[in-house]
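Asker: Make a model of this:
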Amino acid sequence: MHLYNVTLQKSSGINVAIYGNFSSAKAQEIVVGRNKTIELLRPDENGRVQTICSMEAFGIVRSIAAFRLTGANRDYIVIGSDSGRVVIVQYDKDKAT
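Answerer: Residues are numbered from 1 along each chain as shown. Model (predicted):
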């Protein structure tokens, strides 16, 4: 017997959220964790929230925090997962899909 698991619809409930300057120095952005998905959101000039980047994680996102190194102008993202793993992420617009 073979079992196959496919998610038909992405999670809509936001578990955790932070704000900061992740892509550039003056950009006010929001990072949200939706179960297994991490999304970078930015409001546009019309007041609507646009998804800049969305990535699927290999575990369930339990916590997210933002921090900035001394003298830097952009924030980093610290992500904690259900397995106890901690990851530090920096947004790179050249590699983002």
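Asker: now N73, nearest residue through space, not along the chain?
Answerer: By the measure of C-beta to C-beta, 6 or more residues apart in numbering, the closest residue to N73 outside its immediate chain neighbours is A25, 3.9 Å from it. Backbone N, C-alpha and C define where each C-beta goes, glycine included.
Asker: That neighbour contacts D75, doesn't it?
Answerer: No. Between A25 and D75 no contact is recorded; they are 10.0 Å apart, counting by C-beta atoms under 8 Å.
Asker: between these two, who's got more neighbours?
Answerer: Here A25 and D75 are compared on neighbour count by other C-beta atoms under 10 Å; more neighbours surround D75, at 22 against 9.
Asker: which residues touch the more buried one?
Answerer: Shown here is D75, whose contacts under the criterion C-beta atoms under 8 Å, 6 or more residues apart in numbering are 20-22, 66-68.
Asker: From C53, how far out is it?
Answerer: 14 Å (C-beta to C-beta, to the nearest Å).
Asker: who does the helix or strand encompassing A66 pair up with?
Answerer: Secondary-structure assignment from DSSP states H and E places A66 in strand 61-67. Sheet partners assigned to strand 61-67 using DSSP bridges are listed as strand 76-81 (antiparallel).
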